[in-house]
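Trainee: Just need the structure, nothing else, for what follows:
(one chain, ligands or ions: 1)
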Amino acid sequence: MLSTTPSGEISPAVASLGALALGTVSFWGYFHRFETHMYAFTYFYTFLAAYIGLAIGLCKGYSYSIPSSAATSTSVALAFLVGAFGNCLIYRLFLNPLNKFPGPYPARISNLWLSAQLGNSDGYYWLQEQHKKYGKFLRIGSNDISIIDPAAMEPAYGNKSRVSKAIWYDNDYPLTSMHTSRDKGLHDRRRRVWAPAFSEKALRDYETEIQKFNEKLIKQIGKHKGEPVNVTKWFNLFSFDAMGLLAFGRDYGMLDKGEKPHELEMLDEGMQPLAYRFPSWFFRMLTQIPGLGEGYNKFVKFCVSELTWRIKHADQAKRDSDIMGWLLKAYKDVPHPENDSMLQADARLIIVAGSDTTAATFTYLFYHLASDPEQVRKLREELEPICLGDWQEKDIRGCNHLNGCINEALRLHPPVPSGVNRLTPPEGMKVGETWIPGNVTFITPQYVMGRDEYIYASANSFIPERWYSQEDKVKHKDAFAPFSMGPFGCIGKNLALMELRTLTSRLVLNFDLKLAPQEDGMRLMRKTKDHFTVDLGDLEVVFTERT
Ligand code: HEM
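Mentor: Numbers count the residues shown, from 1 in each chain. From the prediction side, this is the model:
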């Protein structure tokens, strides 16, 4: 029997105690045990409905007056919240096994604290500073750590790894792409659909197109006639144009127009919410609130429209065997593949994965080449005897200095600088001598690792030779993974390297280059935003045609 007041009402103290107990049970029995990030709105509405339902029930069923029903319902609701959040707080502050990892104290309370630190979209710098302070293992969230120990690479990304993708990949659910698929079986099946699009044969086809874009960019740069070239912009145009054609058989003509179109702005706008590393429940709520996720939603719509265009104009597409063409082979018997949410998500994946990343590598690489004429001299010495007549990428694939320069750009400025989110297996994971509990989210930020003296000698210097003749300057080779590794690693790595090798060679063979007057690279270094991939600050280089 419920204890009642003299007026026959349930004692508010007893009701609140019951709600406190219910909150406690709901935390330990449910919220603590299961992934709950997908249902934030559902919880919110259920809670609201229960609150209103209780208030109405007390009035109708127990003849409460309106004020006392409101007071009792409110105290019950608050007590429930205190039970659920109070226990959550106790767990996070005192009982979480992750508390043995060093890091800023508030990080253990909520991931929103981390988001508040990333207002400048400079997650990679923030992580570097914190790792300097706290060491190889850094607590960054209530269930999150960052690791820069090279011993983490094999258990995290090796082929035998039992690590899976973390809840971050559910941010876009139900728009699940191959990349955001957390189900290993599904990812595996999808990867088999994608694989032919990146086979040696497919890449040979793409190379012909890439060489045409190389030619266009060289012409456009030549037109500047020694005036500063904003390479951030031009490499963006190049990589977006190349990706449009390779992905959808569509020539955006950006290199011809020389303009940064609206689509490019949308990509950065669409990626920006990722800069703050919001907890997934919060991110999902944010992008569902009308108006708030506008840039993000616009970009998603743009990608779907590109996919629809590709399917409707299959016969007009410039190429028969573009990447989407390969994926569509799996949809032969599907009447409207453009409505398939995974294909829509994959369309977006190609655009994001294939354009921003290569543009960033080019821009940083040319920052270093324009700052150091000796690198350009060495590249020419290596390339000139090979790049005669109709040379192809396969002819320069083994060029040590060229590959060394590209590796250095990727090491010092990885295009996915803060790393990818992974979840330790339920039984936990050993990194060297350190045990990490099960179901913990972790990242291995490539930017921080790339500049760590424990991993590389003279870590902050651009030394291409460390990759072929000064190997002692790479102390832990396994730490270098700008394309990630293992079954979830970058499927476009060889395509990216093809673009990087061919265009870089052509540019250094065609032009002398130096940083523009007044250019010190600080806009590129300081204004670049880390939003999973990067939104680059400007860089100006002067190219002078070689005679
Ligand atoms: C320098 C250029 C590039 C870098 C540094 C890079 C880096 C990466 C990284 C780190 C991942 C893993 C992401 C994660 O696990 O969350 C990835 C995945 C991926 N990349 Fe790249 N990428 C580059 C270029 C490309 C290109 C040109 C394409 C072509 C479309 C591409 C397509 C993909 C795809 C489809 C995935 C998802 C793979 C999967 O989930 O199985 N990437 N890339």
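Trainee: list the contacts for the closest residue to Ser505 other than its chain neighbours?
Mentor: Excluding the flanking residues, the one nearest Ser505 by C-beta to C-beta, 6 or more residues apart in numbering is Leu383, at 5.1 Å. Quick note: C-beta positions are derived from backbone N, CA and C, even for glycine. The contact partners of Leu383, by C-beta atoms under 8 Å, 6 or more residues apart in numbering, come to 396, 399, 402, 505, 508-509.
Trainee: From those, keep the buried residues only.
Mentor: 396, 399, 402, 505, 508 (16 or more other C-beta atoms under 10 Å).
Trainee: just to revisit the earlier point, want to try JSON lines for the contacts of Leu383, with secondary structure as columns?
Mentor: Formatted as JSON lines, the contacts of Leu383 follow (DSSP: H, G, I helix; E, B strand; the rest coil):
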{"residue": "Ile396", "secondary structure": "helix"}
{"residue": "Cys399", "secondary structure": "coil"}
{"residue": "Leu402", "secondary structure": "helix"}
{"residue": "Ser505", "secondary structure": "helix"}
{"residue": "Val508", "secondary structure": "helix"}
{"residue": "Leu509", "secondary structure": "helix"}
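Trainee: any idea which of the residues you listed is closest to Ala496?
Mentor: Leu402 (14.0 Å; C-beta to C-beta).
Trainee: how about the closest one, what does it touch?
Mentor: 379, 382-383, 396, 501, 504-505 are the contacts of Leu402 under C-beta under 8 Å, 6+ apart.
Trainee: interface residues of the stretch 301-450 of the chain facing the ligand?
Mentor: Selection of the stretch 301-450 of the chain residues close to the ligand by C-beta under 6 Å from any ligand atom yields 349-350, 353-354, 357-358, 361, 415-416, 420.
Trainee: okay if I get those residues as a markdown table plus secondary structure, pLDDT and neighbour count?
Mentor: Output for those, formatted as a markdown table (DSSP: H, G, I helix; E, B strand; the rest coil; pLDDT from 0 to 100; neighbours: other C-beta atoms under 10 Å):
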| residue | secondary structure | pLDDT | neighbour count |
| --- | --- | --- | --- |
| Leu349 | helix | 91 | 20 |
| Ile350 | helix | 90 | 26 |
| Ala353 | helix | 89 | 23 |
| Gly354 | helix | 87 | 23 |
| Thr357 | helix | 95 | 23 |
| Thr358 | helix | 96 | 26 |
| Thr361 | helix | 98 | 24 |
| Pro415 | coil | 97 | 25 |
| Val416 | coil | 97 | 23 |
| Val420 | coil | 96 | 22 |
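Trainee: could the residues you listed go into TSV alongside distance to Pro228?
Mentor: Putting those into TSV (distance: C-beta to C-beta, whole Å) gives the following:
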residue	distance to Pro228
Leu349	34
Ile350	32
Ala353	30
Gly354	27
Thr357	25
Thr358	22
Thr361	21
Pro415	24
Val416	29
Val420	35
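Trainee: In the stretch 351-500 of the chain, which residue sits nearest the ligand?
Mentor: Gly492 (2.1 Å; C-beta to the nearest ligand atom).
Trainee: Now Met525: which helix or strand?
Mentor: In this assignment (DSSP states H and E), Met525 forms part of helix 522-527.
Trainee: I meant Thr46, not that one.
Mentor: For Thr46, the enclosing helix or strand under DSSP H and E is helix 40-62.
Trainee: before we move on, what about Leu112?
Mentor: Per DSSP H and E: helix 111-117 holds Leu112.
Trainee: residues in the stretch 51-200 of the chain within reach of the ligand, list them.
Mentor: 178-179, 191.
Trainee: how does it look with 8 Å?
Mentor: For the stretch 51-200 of the chain, the residues found near the ligand under the criterion C-beta under 8 Å from any ligand atom are 165, 169, 177-181, 187, 190-191, 194, 198.
Trainee: Could you provide those in JSON lines, with additional columns for pLDDT, distance to Ile311 and neighbour count?
Mentor: Formatted as JSON lines, these follow (pLDDT from 0 to 100; distance: C-beta to C-beta, whole Å; neighbours: other C-beta atoms under 10 Å):
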{"residue": "Lys165", "pLDDT": "97", "distance to Ile311": "28", "neighbour count": "20"}
{"residue": "Tyr169", "pLDDT": "96", "distance to Ile311": "26", "neighbour count": "22"}
{"residue": "Ser177", "pLDDT": "95", "distance to Ile311": "17", "neighbour count": "23"}
{"residue": "Met178", "pLDDT": "97", "distance to Ile311": "18", "neighbour count": "21"}
{"residue": "His179", "pLDDT": "96", "distance to Ile311": "21", "neighbour count": "23"}
{"residue": "Thr180", "pLDDT": "96", "distance to Ile311": "22", "neighbour count": "20"}
{"residue": "Ser181", "pLDDT": "97", "distance to Ile311": "22", "neighbour count": "23"}
{"residue": "His187", "pLDDT": "97", "distance to Ile311": "24", "neighbour count": "21"}
{"residue": "Arg190", "pLDDT": "96", "distance to Ile311": "18", "neighbour count": "20"}
{"residue": "Arg191", "pLDDT": "97", "distance to Ile311": "22", "neighbour count": "15"}
{"residue": "Trp194", "pLDDT": "96", "distance to Ile311": "17", "neighbour count": "19"}
{"residue": "Phe198", "pLDDT": "96", "distance to Ile311": "21", "neighbour count": "18"}
